[in-house]
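Asks: Got a predicted structure here, sequence first:
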Amino acid sequence: MAFPSSSSSSSQGSYDVFLSFRGEDTRNNFTAHLYQELRTKGINTFIDDDKLERGRLISPALVTAIENSMFSIIVLSENYASSKWCLEELAKILECMKTRGQRVLPIFYNVDPSDVKKQRGKFGAALAEHEKNLTENMERVQIWKDALTQVANLSGWESRNKNELLLIKEIVKHVFNKLINICSGDTEKLVGIDARIQEIKMRLRLESDDVGMIGIWGMGGIGKTTLARALYNEISRQFEAHSFLEDVGKVLVNKGLIKLQQIFLYDLLEEKDLNTKGFTFIKARLHSKKALVVLDNVNDPKILECLVGNWDWFGRGSRIIITARDKHLLIAHGVLCYQVPTFNYDEAYGFIKRHSLKHELLIGDFLELSKEMIDYAKGLPLALKVLCSSLFGMSKKERRNQLDKLKSTLHKKIEEVLRISYDGLDDKEKNIFLDIACFFKGEDKDYVIEILDGCGFFSSCGIRTLVNKSLISIYGNKLEMHDLIQEMGIEIVRQQFVQELGKRSRLWFHEDIIDVLEKLKCMDLSHSKYLIETPNLSRVTNLERLVLEDCVSLCKVHPSLRDLKNLNFLSFKNCKMLKSLPSGPYDLKSLATLILSGCSKFEQFPENFGYLEMLKKLYADGTALRELPSSLSSLRNLEILSFVGCKGPPSASWLFPRRSSNSTGFILHNLSGLCSLRKLDLSDCNLSDETNLSCLVYLSSLKDLYLCENNFVTLPNLSRLSRLERFRLANCTRLQELPDLPSSIVQVDARNCTSLKNVSLRNVQSFLLKNRVIWDLNFVLALEILTPGSRLPDWIRYQSSGKEVIAELSPNWFNSNFLGFGFANVVPKFSNLGLSRFVYCYLSLSRSSDFTHGFRVVPYPHFLCLNRQMLTLDHVYLLYVPLSSFSDWCPWGHIINWHQVTHIKASFQPRSDQFGEVKRYGIGLAYSNEDVNHNNPPMIQFGSISSASSPPPNKSTVVLTEIHDEEPSGSVDGSELDNSGYYTADEGEPAETACSKDPSESEMQPQKRLKCSHFQDIP
């Protein structure tokens, strides 16, 4: 028996019952009720629903349906014989009774059986009419007469003077019992079924009045549904109500939960049009019935919650049987589990022998074939069934060919069934399953968990899920998997990229691995935290990129690395256990980038490592290297060399530092061969005056030199580095003097160089004189300068505590020594820097009382890195605009005649959340050679006014560096200048200056440094 079909015209399947009737007599009454009752009992019934073609005696579809039915029920009503169609059905049914052993059950609906037998009354009249119309085919009429006589002699039911409802129940009960007996007889033919049924019956304790649940659990194709059906057929007569819901997981998906509940109740209560009202309604209708319920293929806990929520939903003695692939689903509902075992050898042999009876095979061929089939199927009934249906009937050669195919490609029908469990996994569980299928079958569980956890798969709970879903098993702490499930997993990986092996997620066949390795160009083994040694790469001759980042256990590199001639990128970043590379010689002719940063135990390069003719970038930050290998001098194409934080190996004891500040530190050898080097970073390498820093002057292509956080006091003359643009010395706290720099310099960062004493502007004065600031419309871009201090410098002569400063210029302010304008303010501590640092500037020409020529001064953003950052000290913020920036600038239609400019007004626009309450604003004029009033030396005097108790130093000094993300600190002593040209409202107005509007006290602290950058290469 099967789950009741909603379609009655499916003529290709097998049926329990075929219904033959005269539609105009009983379709909408007796036959309709009979059909519905048959369905209620789970009896698969064929009924012609008028969808079949009329106009012919009988269709092939009807013939097939009759032949494939175990029972035929014939409703003989008064107009039955008037239909040639019905008579043809009757003749075919009686033929099948003789040839196929079909059971025929007549129902004499409101007719006398003797009228049928002797063709009297309406039966006789109908046949007479047929004889009249079929004079040329009288043989058919005689066949019909004989059929009517024969069916009237069969045992059946007569409806006259009987309650139709009771009659229908009696008929259906008779059919149901007959079918149970037939199914029980078929069960005897099922190999191994009896022992399994007896074991489940023992667990069910059918003699008990308690409500019991049992789960039949196992992998796909193991026979769960077959076993549940056989058990149902054997014990269902012991229950008041019973229901076998086949493939409920599919019904839930296709029809929804409410419809599933309706089908469930309809089966048990034999009532249609039930309007379910939730769990309470189901419990109320079932709690008094002794019911047998089979829920087949449960895959969602909602099914159990909504159909068999608890034991008290059902009457005493009820039993619920659940088949499922997921053990956890059953356990979570408190269900006792029975695991269906695979066939043993004898059972598998008996199964094959039973299916071979229809085929003639030589005994030798059969024994050979059965042995191979048993070995392939590994006790899985589904696999044996598929093999029997596909192999029997083939020639011996064809069978051999098919078996060989199955060994490399899983049969589609087997894969479809097995894959259902895999498809229900999440992504991490799928990865665990595929890894076990491809690599870890038979391995120790703890070992596999350790490896897979390194991939972030949460493998402990993942493996438990695979066990619950019958995809793997654990015996003696070893991970086991059925061969066909393993083959299914391998097939899943294989189908990812059928033709492109290199794109598959996993490789396991030796020949595939070799093939891919020979073509492989990129290998990324990053984050393999259990990788101890790199693999042998001798066959990966085309490899171009090898990435081994964050392999924290890697301590050995296979020597085959040396011979990868096509390798152009190699990274061991953060391989913390790696101490060295294999000894040379190396033949890495194409290597362009090598990364060893973060390899904190890496102490030295191998000999002959420097002969890497194409190497352009070498990063070894944070390693334990003590020196630059002398062989590196031969790297003529090297462009970037970074050894940040290289101070040698750590100390063996935590009690002692690994290196004092007085040690010789990092060792530099001759670097003259590095003719292409553009960037060198030796920050935090414990460099001192004992280090051979003079070798730096031979790096003729160098543009970026970073020597931050080192211990030297002096530096060699670097003016020969004609391409040097960026020079960083931040946090070199012992450095006392900046070296001479080339005119190409763009940035100098000396933050926290607290020992700096004198910095002349000679080495950057040419830069100030020759470089122009780019403008766009009425925007002028300026150099940005930031230095700690609480007072504006001396040369910012026009000051105010308000945001607007007006300078009345002296008549001879503009001369050949004039360099440019400075706009400055004092930024209080705890301010933030980052946005909107600009000044609106307006010029007033002679004979005009209005400021008619305006422009906006903004910092040039390309080189500067001022992020939002809290200042811990007061700072002077300066925007410097060289005069040369205005040489071709004529936004008003003509070039400015500076001799006519008599006043300058600056409106500062600081943001309150950025600068806080700014203390002071000012405008200054910068001159070279000699100031218009004071004949000062040829430099900008950016000095400081000391406190009254401090003697003034000999010189004013200035430090120019790049603005940087880090907080500026450190100090440079400067001289206190004559205050005669420095105006505040408290001192009275000098003759040559305009009056500042807001009085303010001035208190200048020693200036630590001045940050600036220029725009030499900007078009």
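Replies: Everything's here; your move.

Asks: Does the helix or strand where L179 lies pack against any helices or strands, and if so which?
Replies: Using DSSP states H and E, L179 sits in helix 164-187. For helix 164-187, the contact count by 3 or more C-beta pairs under 8 Å, 6 or more residues apart in numbering; DSSP states H and E identifies strand 15-20, helix 30-40, strand 69-76, strand 103-108, strand 157-158, helix 193-204, helix 224-235 as packing neighbours. Every residue, glycine included, has its C-beta placed from N, CA and C.

Asks: which residues are in contact with it?
Replies: 1, 16-17, 30, 33-34, 37-38, 40-41, 43, 70-71, 73, 103, 105, 107, 157, 159, 193-194, 197, 229-230, 233-234, 236-237 (C-beta atoms under 8 Å, 6 or more residues apart in numbering).

Asks: Nearest to L127, out of the helices and strands packed on helix 164-187?
Replies: strand 69-76 (13.7 Å; C-beta to C-beta).

Asks: Would you agree F440 is in contact with I449?
Replies: No. Between F440 and I449 there is no contact under C-beta atoms under 8 Å: 9.9 Å.

Asks: re the thing from before, how about a markdown table for the helices and strands packed on helix 164-187, with distance to L127, mean pLDDT and mean neighbour count added?
Replies: Shown next, in a markdown table, are these (distance: least, C-beta to C-beta, whole Å; pLDDT from 0 to 100; neighbours: other C-beta atoms under 10 Å):
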| stretch | distance to L127 | mean pLDDT | mean neighbour count |
| --- | --- | --- | --- |
| strand 15-20 | 17 | 92 | 25 |
| helix 30-40 | 23 | 91 | 20 |
| strand 69-76 | 14 | 93 | 24 |
| strand 103-108 | 17 | 93 | 21 |
| strand 157-158 | 21 | 92 | 16 |
| helix 193-204 | 50 | 92 | 15 |
| helix 224-235 | 42 | 90 | 21 |
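
Asks: Kindly reformat these as a markdown table containing distance to G334.
Replies: Below are the helices and strands packed on helix 164-187 laid out as a markdown table (distance: least, C-beta to C-beta, whole Å):
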| stretch | distance to G334 |
| --- | --- |
| strand 15-20 | 35 |
| helix 30-40 | 30 |
| strand 69-76 | 38 |
| strand 103-108 | 43 |
| strand 157-158 | 46 |
| helix 193-204 | 14 |
| helix 224-235 | 19 |
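
Asks: Which among these is found nearest to I474?
Replies: Taking those one by one with C-beta to C-beta, helix 224-235 is closest: 20.9 Å.

Asks: And the next helix or strand past the closest one?
Replies: strand 241-245.

Asks: which of the residues in the helix or strand just after that following strand are buried?
Replies: Following the chain from strand 241-245 toward its C-terminal end, the next helix or strand by DSSP H and E is helix 248-255. Buried residues in helix 248-255, defined by neighbour count with 16 or more other C-beta atoms under 10 Å: V248, G249, V251, L252.

Asks: Next secondary structure after helix 248-255?
Replies: helix 257-269.

Asks: Which elements pack onto the next helix-or-strand element following that following helix?
Replies: Next helix or strand after helix 257-269 toward the C-terminus (DSSP H and E): helix 279-286. Applying 3+ C-beta pairs under 8 Å, 6+ apart, one finds that helix 279-286 contacts helix 257-269, helix 301-307.

Asks: Mind listing residues that contact the shortest one?
Replies: The contact list for helix 301-307 (C-beta under 8 Å, 6+ apart) reads 248-249, 252, 257, 260-261, 264, 279, 282, 293, 295, 298, 322, 329, 332-333, 335.

Asks: could I have stretch 555-570 exported to CSV, CA atoms only?
Replies: In CSV, the C-alpha atoms belonging to stretch 555-570 read as follows (Å, rounded to 0.1, in the frame of the first residue of the first chain):
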residue,chain,number,x,y,z
CYS,A,555,59.7,26.2,11.0
LYS,A,556,61.2,24.6,8.0
VAL,A,557,61.2,25.4,4.3
HIS,A,558,61.7,22.6,1.8
PRO,A,559,64.9,23.1,-0.3
SER,A,560,62.8,22.8,-3.5
LEU,A,561,61.9,26.5,-3.0
ARG,A,562,65.4,27.5,-4.3
ASP,A,563,64.6,26.2,-7.8
LEU,A,564,61.3,27.9,-8.6
LYS,A,565,62.6,29.9,-11.6
ASN,A,566,59.2,31.5,-12.3
LEU,A,567,58.3,32.5,-8.8
ASN,A,568,57.8,36.3,-8.6
PHE,A,569,56.1,36.7,-5.2
LEU,A,570,57.0,35.0,-1.9
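
Asks: Averaged pLDDT, it. What do you get?
Replies: When pLDDT is averaged over stretch 555-570, the result is 94.

Asks: Figure out how far that stretch is from the centre of its chain.
Replies: Offset of stretch 555-570 from its chain centre (C-alpha atoms, centre = their mean, to the nearest Å): 30 Å.

Asks: Give me the buried positions along it.
Replies: C555, V557, S560, L561, R562, L564, L567, N568, F569, L570.

Asks: Could you export stretch 470-480 as CSV, CA atoms only?
Replies: The C-alpha trace of stretch 470-480 is given here as CSV (Å, rounded to 0.1, in the frame of the first residue of the first chain):
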residue,chain,number,x,y,z
SER,A,470,24.3,9.1,9.3
LEU,A,471,27.0,10.5,7.0
ILE,A,472,29.9,9.2,9.2
SER,A,473,30.3,7.0,12.1
ILE,A,474,33.0,6.7,14.9
TYR,A,475,34.5,3.4,15.9
GLY,A,476,37.5,3.3,18.2
ASN,A,477,37.8,7.1,17.9
LYS,A,478,38.3,6.6,14.1
LEU,A,479,36.2,8.5,11.6
GLU,A,480,34.5,5.9,9.3
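
Asks: returning to what we had before: take the helices and strands packed on helix 279-286 and write them to TSV, including distance to Y611.
Replies: Formatted as TSV, these follow (distance: least, C-beta to C-beta, whole Å):
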stretch	distance to Y611
helix 257-269	73
helix 301-307	66
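
Asks: downstream neighbour of the host helix or strand of L618 in the secondary structure list?
Replies: Under the criterion of DSSP H and E, L618 resides in strand 617-619. Moving toward the C-terminus from strand 617-619, the next helix or strand (DSSP H and E) is strand 640-642.

Asks: Given that next one, what are its sheet partners and their directions?
Replies: strand 617-619 (parallel), strand 679-681 (parallel) (DSSP bridges).

Asks: Break this structure into its domains for me.
Replies: Split into domains by the TED database, the chain comes to 15-183, 190-339, 345-408, 419-498, 783-927.

Asks: helix/strand/coil for H359?
Replies: Assigned by DSSP: H, G, I helix; E, B strand; the rest coil, the conformation of H359 is coil.

Asks: Go through stretch 210-228 and flag the buried ones.
Replies: Buried residues in stretch 210-228 (16+ other C-beta under 10 Å): 211-228.

Asks: ok, which stretches of the stretch 451-600 of the chain are strands?
Replies: 473-475, 478-480, 522-524, 545-547, 569-571, 593-595 (DSSP state E, counting those that start in this stretch).

Asks: With distance to P582 as extra columns, can I get these in a markdown table?
Replies: Formatted as a markdown table, the strands of the stretch 451-600 of the chain follow (distance: least, C-beta to C-beta, whole Å):
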| stretch | distance to P582 |
| --- | --- |
| strand 473-475 | 41 |
| strand 478-480 | 35 |
| strand 522-524 | 17 |
| strand 545-547 | 14 |
| strand 569-571 | 13 |
| strand 593-595 | 14 |
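
Asks: who wins for proximity to K201 among these?
Replies: Of all the strands of the stretch 451-600 of the chain, strand 473-475 comes closest under C-beta to C-beta, at 25.4 Å.

Asks: so how far is the closest one off the chain centroid?
Replies: That offset, for strand 473-475, works out to 30 Å (C-alpha atoms, centre = their mean).
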